[in-house]
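J.: with the input below, show me the fold.
(2 chains)
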Protein chains: 2
Amino acid sequence: MPIAQAVREALASSSLIRRMFEEGNELKKKYSPVFDFSIGNPDLEPPGAFHRVFTQLAQEDLRGSHGYMPNAGFPEVREALAKKASRDHHCTVPPSHIIMAVGAAGGLNVVFKSILNPGDEVIVPTPYFMEYRAYAANHGGRLIEVPSGPGFNLNMGAIEGALSERTAAVLINSPHNPTGRIYSEKEITALADPLRRHGKKSGRYPYLVADEPYREIVYGGTAVPPVLSAYEESIAVTSYSKSLSLPGERIGYIALGPGAGSPDDTLGALIYATRVLGFVNAPALMQRIVARLTEERVAVEVYARRRDAFKEVLNSAGIDYVEPEGAFYIFAKVPGKEPADDRAFSDCLKRRLILGVGGSSFMAPGWIRFAYCVDEDLIRSSAPAFKAAMEEWTGLSGA
Amino acid sequence: MPIAQAVREALASSSLIRRMFEEGNELKKKYSPVFDFSIGNPDLEPPGAFHRVFTQLAQEDLRGSHGYMPNAGFPEVREALAKKASRDHHCTVPPSHIIMAVGAAGGLNVVFKSILNPGDEVIVPTPYFMEYRAYAANHGGRLIEVPSGPGFNLNMGAIEGALSERTAAVLINSPHNPTGRIYSEKEITALADPLRRHGKKSGRYPYLVADEPYREIVYGGTAVPPVLSAYEESIAVTSYSKSLSLPGERIGYIALGPGAGSPDDTLGALIYATRVLGFVNAPALMQRIVARLTEERVAVEVYARRRDAFKEVLNSAGIDYVEPEGAFYIFAKVPGKEPADDRAFSDCLKRRLILGVGGSSFMAPGWIRFAYCVDEDLIRSSAPAFKAAMEEWTGLSGA
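T.: I've put the predicted structure just below:
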């Protein structure tokens, strides 16, 4: 029987990525090792503190602890996370501005359901995580893509030029998938100016939506700058999928800026959307666990060592890349004359059993993303394969 | 800043229910006891087996067990639940036809996202759980309400008369909220006929979507008849919110009938919708727990005793009701001449500190729902209040 036409079209267009995964699986049946750097699935275990709290809650298992609570979450959990959000964002986020979410993907859907009217636009710099397109479309919105600046900085001119009366939000992601970049405090502050100007002129202040699932995955003492204190109408969405390696448990939260929205309206909308989209509330047990782990994160130093290993591998193969400041991706430039063909380069790597994701999948043709949430040994042992692939590629492309 | 217009309208129209809850809370601050039968929040604890498995999994806490798995769920979990669905529905449901869901509310949103084109219709008998309206609207669909037959049976004529080229699905709920009815095997089988006739004539077979969160909450040895074996294009959605008293944990599943859809299309759509609506997957830990508890359920005999107590209370007050066969609701007729005013009757009860939900909230004016997932003593001790309210009501209404 028929399925929704929009879903049929989405399935057809995602067949390329599905074929890529299937080919990867086929390779793994035939060869070992396959250097699979295609998937952003954190392989580190949750920190020891997670196991302690988990066991403790299992032993206590208090009456009613698996029951319904307010749709926004347990009050004591919202209170604990409001303190965390206040520290992260250099301002006082009240507990009422925290809405527990079914991961960042759930949180973004709740935000878009709450703020998008049919035909509304969400401005997003390229490259970007391709699921954003579906998240906006689910709720009648559409993405307006704008180019990034040099080094994948925010391009203020491009963003300002894209603002219109249909603009409901500007969506940023930092630390960034796929580039590993962190937007500087200066960039975030500067971004507020065109948004305020546009709001003043048009009467509609766009929301600044910050997707921050990688906020805790940063290197070299970098801190991710605050967003909620930089612009009034801002919303941060985060999750524990990466910071505590709990992607399967679907737990995260939305933090509404202290001065954002009209509190009744916007909070009411976020809570209503949480309910009617069928999330109802974020999973109860995980809410109670993460509230006790606000000072914990996975062993980021392991990701840091892998990042360094990957840089060495790419350096010795002569492949340029963006210096990763956070997340666990390294975004490499397809060598040779522009426009370089990332699909052809992916195929060339695949013949050496190296799997990455071509930048075209992030609206950045000519680039390729490698995920380094895999064993350091696998990264190091891929060096000869990278070199061999580069020799072939140089011959093919005349680079 | 602005919120979505559709959300603003929904918030405004739900203000009545919010006011009711606020009034209830105000009453509880002033008086004790308040006979609060308004909320369908299961108060029984999960069965002992839940605590055993929970503790066991916390102690094992296997590597990778909180990580991503396929969007449809862990393969071994889908296998265990396919066996359960096969037993429930008297047919062989393959594991690939089980999609783990974030509760039944999440599951219904996934189903509607998968099958609804803009403007498509979902036929639903009145009364019904009012959230269905939002679930359909989220994905561009709308509910077409049809009356039930006498005793809240399925009204085949009304359903057949409402079928159109826009009909994507017929949505049924059994055991039923708010009536407590269970549709008989004969009714379910009979419903398949008009659906098949319509499909043959129009080329579009409507899906039969069965919302079954109360399937395990049944009395007097009744069994809920199978749906997936009764009609080819059927989808059952269920959850562990009531059967294991885990509503806060958001765990359930979708079972696609063995012959439903074109397998690639429909399963692909359900999995895609699970992903892009931001559920991504049902919570990992709870998936693993419920897979080991397919033979368990809460102490239904406790609900049965409460049901009997409530019947006695209503009998002695002279209030008629539908005999509850399942779920934990008793649906009572507002006494007096029709059309009886359920809002006025609710107010009259409230003056005696009794809280129920007027049938108007379920599109069944003239009725009132009492939830008996509360202590048996509270139910029994409400008898004098019910009698006093009835005396007042008889005076008021001249019944």
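J.: tell me how many other residues surround A:Ala223.
T.: When neighbours are counted by other C-beta atoms under 10 Å in any protein chain shown, A:Ala223 registers 11. (C-beta placed from N, C-alpha, C; glycine too.)
J.: where does it land on pLDDT?
T.: For A:Ala223, the model assigns a pLDDT of 90.
J.: quick one: secondary structure of it?
T.: State at A:Ala223, reduced to three classes by DSSP: H, G, I helix; E, B strand; the rest coil: coil.
J.: now it: phi and psi?
T.: According to degrees, to the nearest 10, the main-chain angles of A:Ala223 amount to phi -120, psi 140.
J.: what's the answer for the one 3 residues further on, then?
T.: Main-chain dihedrals, A:Pro226, degrees, to the nearest 10: phi -70, psi 150.
J.: so how far is A:Ile217 from it?
T.: Distance, A:Pro226 to A:Ile217, by C-beta to C-beta, to the nearest Å: 17 Å.
J.: quick one: which of those two has more around it?
T.: Neighbour totals were compared for A:Pro226 and A:Ile217, and A:Ile217 leads with 24 against 20 (other C-beta under 10 Å).
J.: test my guess that the more buried one contacts A:Gly326.
T.: Yes: if you go by C-beta atoms under 8 Å, A:Ile217 and A:Gly326 touch, sitting 5.4 Å apart.
J.: any common contacting residues for the two?
T.: A:Pro175 (C-beta atoms under 8 Å, 6 or more residues apart in numbering or on different chains).
J.: output the lowest mean pLDDT helix or strand found in chain A.
T.: Here the helix or strand of chain A ranked lowest by mean pLDDT, DSSP states H and E is helix A:15-30, holding a mean of 80.
J.: list the contacts for A:Met100?
T.: Taking C-beta under 8 Å, 6+ apart, one finds A:Ala72, A:Gly73, A:Phe74, A:Val77, A:Arg78, A:Leu81, A:Ile251, A:Gly252, A:Tyr253, A:Asn281, A:Ala282, A:Gln287 in contact with A:Met100.
J.: take those and keep only those in strands.
T.: The strands, defined by DSSP state E, take in A:Gly252, A:Tyr253 from the contacts of A:Met100.
J.: so which of the contacts of A:Met100 is the closest to chain B?
T.: Distance to chain B across the contacts of A:Met100 (C-beta to the nearest C-beta) is lowest for A:Asn281, with 6.3 Å.
J.: circling back: what does the least confident helix or strand of chain A rub up against?
T.: The contact list for helix A:15-30 (C-beta under 8 Å, 6+ apart) reads A:Val34, A:Asp36, A:Ser38, A:Lys350, A:Leu353, A:Leu355, A:Val357, A:Ser361.
J.: just the CA coordinates of that helix, formatted as CSV?
T.: This file holds the C-alpha atoms of helix A:15-30, laid out as CSV (Å, rounded to 0.1, in the frame of the first residue of the first chain):
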residue,chain,number,x,y,z
SER,A,15,19.7,5.4,-1.8
LEU,A,16,23.2,6.7,-2.6
ILE,A,17,24.2,6.7,1.1
ARG,A,18,22.5,3.4,1.6
ARG,A,19,24.5,1.9,-1.3
MET,A,20,27.7,3.2,0.2
PHE,A,21,27.0,1.5,3.5
GLU,A,22,26.0,-1.7,1.8
GLU,A,23,29.2,-1.6,-0.3
GLY,A,24,31.2,-1.1,3.0
ASN,A,25,29.5,-4.1,4.5
GLU,A,26,30.3,-6.2,1.5
LEU,A,27,34.0,-5.1,1.7
LYS,A,28,34.1,-6.2,5.3
LYS,A,29,32.8,-9.6,4.5
LYS,A,30,35.7,-10.1,2.0
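J.: mind listing what the one residue in the stretch 251-399 of chain A that gets nearest to chain B touches?
T.: Closest contact between the stretch 251-399 of chain A and chain B, by C-beta to the nearest C-beta, is at A:Ala284 (3.1 Å). Residues in contact with A:Ala284 (C-beta under 8 Å, 6+ apart) are A:Ser65, A:His66, A:Gly67, A:Met69, A:Phe74, B:Gly248, B:Glu249, B:Arg250.
J.: now do 6 Å
T.: Taking C-beta atoms under 6 Å, 6 or more residues apart in numbering or on different chains, we find A:Ala284 in contact with A:His66, B:Gly248, B:Glu249.
J.: if you rank those by neighbours, which is first?
T.: Counting by other C-beta under 10 Å, top hit in those: B:Glu249 with 29 neighbours.
J.: kindly export stretch A:189-201 (C-alpha atoms) in CSV.
T.: The C-alpha trace of stretch A:189-201 is given here as CSV (Å, rounded to 0.1, in the frame of the first residue of the first chain):
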residue,chain,number,x,y,z
THR,A,189,29.1,37.8,18.9
ALA,A,190,29.4,39.2,15.4
LEU,A,191,26.6,37.0,14.1
ALA,A,192,24.2,38.6,16.6
ASP,A,193,24.6,42.0,14.8
PRO,A,194,22.9,41.2,11.5
LEU,A,195,20.2,39.2,13.3
ARG,A,196,19.4,42.1,15.5
ARG,A,197,19.5,44.5,12.6
HIS,A,198,17.1,42.3,10.6
GLY,A,199,14.8,41.9,13.6
LYS,A,200,14.6,45.6,14.2
LYS,A,201,13.9,46.3,10.5
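J.: enumerate the positions of that stretch that are buried.
T.: Buried residues in stretch A:189-201, counted by 16 or more other C-beta atoms under 10 Å in any protein chain shown: A:Leu191, A:Ala192, A:Pro194, A:Leu195, A:His198, A:Gly199.
J.: wait, doesn't A:Arg306 sit right on A:Tyr372?
T.: Yes: judged on C-beta atoms under 6 Å, A:Arg306 makes contact with A:Tyr372 at a distance of 4.4 Å.
J.: if you count surrounding residues, which of those two has more?
T.: Taking neighbours as other C-beta under 10 Å, A:Arg306 and A:Tyr372 compare with A:Tyr372 leading, 27 against 24.
J.: what about stretch A:371-380, start to end distance?
T.: This stretch, stretch A:371-380, spans 14 Å end to end (C-alpha to C-alpha, to the nearest Å).
J.: ok, stretch A:93-111 next?
T.: First residue to last in stretch A:93-111 (C-alpha to C-alpha) measures 17 Å.
J.: quick one: average pLDDT of that stretch?
T.: Average pLDDT, stretch A:93-111: 98.
J.: quick one: it to chain centroid distance?
T.: Its chain's C-alpha centre and that of stretch A:93-111 lie 15 Å apart, by C-alpha atoms, centre = their mean, to the nearest Å.
J.: buried ones in that stretch?
T.: For stretch A:93-111, by 16+ other C-beta under 10 Å, it's A:93, A:95, A:97-111.
J.: go on, stretch A:337-352?
T.: Neighbour-count burial for stretch A:337-352 flags A:Ala340, A:Asp341, A:Asp342, A:Arg343, A:Phe345, A:Ser346, A:Cys348, A:Leu349, A:Lys350, A:Arg352 (criterion: 16+ other C-beta under 10 Å).
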